[in-house]
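*Asks:* This is the structure alone, sequence omitted:
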């Protein structure tokens, strides 16, 4: 939301994957998600990081 207006509605991964939306809504991404996005993926849980780390 920004100024009482809903900017988007959808799954967390979809919202967090849109950098312009994140900026315009002044969202603070979780540290884990910010870290993962450096490599071009949006991970939301520690389990997802473990799976991505061990993927071939």
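*Replies:* Thanks, I have it. Please read all numbers here as calculations on a predicted model, not as lab measurements. Numbering: from 1, shown residues only.
*Asks:* Please make it C-alpha for all contacts and neighbour counts, starting now.
*Replies:* OK.
*Asks:* Spatially central residue for the protein, please.
*Replies:* Most central residue of the chain, judged by C-alpha distance to the mean C-alpha position with C-alpha atoms, centre = their mean, is residue 16 at 2.8 Å.
*Asks:* In space, what's closest to that residue - neighbours in sequence excluded?
*Replies:* Nearest in space to residue 16, with sequence neighbours left out and distances taken as C-alpha to C-alpha, 6 or more residues apart in numbering, is residue 22 at 6.4 Å.
*Asks:* the strands in the protein, which residues?
*Replies:* Under the criterion DSSP state E, the chain carries no strands.
*Asks:* All the helices of it, residue numbers only.
*Replies:* For the chain, the helices defined by DSSP state H occupy 12-16, 19-24, 31-37, 46-53.
*Asks:* Figure out which of the ones you listed is closest to residue 3.
*Replies:* The minimum distance between residue 3 and the helices of the chain falls on helix 19-24, with 10.8 Å, by C-alpha to C-alpha.
*Asks:* Would you mind pulling up the elements that the closest one packs against?
*Replies:* Packing contacts for helix 19-24, counted by 3 or more C-alpha pairs under 8 Å, 6 or more residues apart in numbering; DSSP states H and E, involve helix 12-16.
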